[in-house]
Each structure stands twice: as C-alpha cells, then as structure tokens.
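A.B. asks: Can you look at this prediction? I've put the sequence above it.
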Amino acid sequence: MAMLDRDLQIARELKDRLSSIVSLVDFKIFGSRARGDADEYSDLDVFLEVETLDKELKNRITDIAWEVGFHNDCIHISPLIFTRHEIEESPLRISSIVQVITEEGVRV
C-alpha cells in the first residue's frame, strides 16, 4: 500500500510553512504513513534536518506542526528534529531511528 496523497499534501504544507522560518537540509515522512500501513489514528511522523537548533526554534517548529495538523482535521504531526551535525558527526548517525528514516523515509 502506498502513502496517501493527502499525507504528502499535508507534509508539503508543513514544509512550506517551516521553510519560511528555518533552512531545511532534509525533510522526510517516515513511519506507518510513509509505509502506507497507517490507520486513522496514526501520527504523521516527519524528520527534519536543520543547520542549527535552539529551544525557541524547536518550539516554533512544534507549534507550526500542531497548527498544520489542526487545520487538516486534527492529524497529529510528530516532528523529529536533528541538526546536520547530529546526523553527520554524532553517534546518532548510526542509531536505529536514523537508519529506519534513511531506509523508508519519503523525501518531500
């Protein structure tokens, strides 16, 4: 089963909104919605890679994700945010979640 067009449309809306406040290095959908085996209660899991991240920016990203989900019939969007340094230089680069995102993530 393929990812739903609606999920991709919502992800694009989120990416557009986020692009106005942060430079996105990478943006992918992952998890059950990317695999196409989600149910109506599944979160829309999104992976964001940014150059730098502080608490204020993380809060803004989370708020925008909530707003986009709310305006799209209360889909819960769960952003997973990492910096380029974390992905390229830290031990996180070999973590299971990053490997799953690399394997099954759908670039938006």
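C.D. replies: Structure received.
A.B. asks: switch to C-alpha atoms for all contacts and neighbour counts from now on
C.D. replies: Will do.
A.B. asks: what helices or strands is the helix or strand encompassing residue 58 leaning on?
C.D. replies: If you go by DSSP states H and E, residue 58 is part of helix 55-71. Applying 3 or more Cα pairs under 8 Å, 6 or more residues apart in numbering; DSSP states H and E, we find helix 55-71 packed against helix 5-19, strand 77-83.
A.B. asks: Now it - C-alpha only, PDB.
C.D. replies: Extracted in PDB, the C-alpha atoms of helix 55-71 (Å, rounded to 0.1, in the frame of the first residue of the first chain):
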ATOM      1  CA  LYS A  55      14.800  25.800  22.100                       C
ATOM      2  CA  GLU A  56      13.000  28.700  20.600                       C
ATOM      3  CA  LEU A  57      13.200  27.300  17.100                       C
ATOM      4  CA  LYS A  58      12.200  23.800  18.200                       C
ATOM      5  CA  ASN A  59       9.100  25.300  19.900                       C
ATOM      6  CA  ARG A  60       8.200  27.300  16.700                       C
ATOM      7  CA  ILE A  61       8.600  24.100  14.600                       C
ATOM      8  CA  THR A  62       6.400  22.200  17.100                       C
ATOM      9  CA  ASP A  63       3.800  24.900  17.100                       C
ATOM     10  CA  ILE A  64       3.600  25.100  13.300                       C
ATOM     11  CA  ALA A  65       3.300  21.300  13.100                       C
ATOM     12  CA  TRP A  66       0.400  21.400  15.500                       C
ATOM     13  CA  GLU A  67      -1.300  24.300  13.500                       C
ATOM     14  CA  VAL A  68      -0.900  22.400  10.200                       C
ATOM     15  CA  GLY A  69      -2.300  19.200  11.800                       C
ATOM     16  CA  PHE A  70      -5.200  21.100  13.400                       C
ATOM     17  CA  HIS A  71      -6.100  22.700  10.100                       C
END
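A.B. asks: how many neighbours does residue 101 have?
C.D. replies: 18 (other Cα atoms under 10 Å).
A.B. asks: For it, give me the pLDDT.
C.D. replies: With respect to pLDDT, residue 101 has a value of 94.
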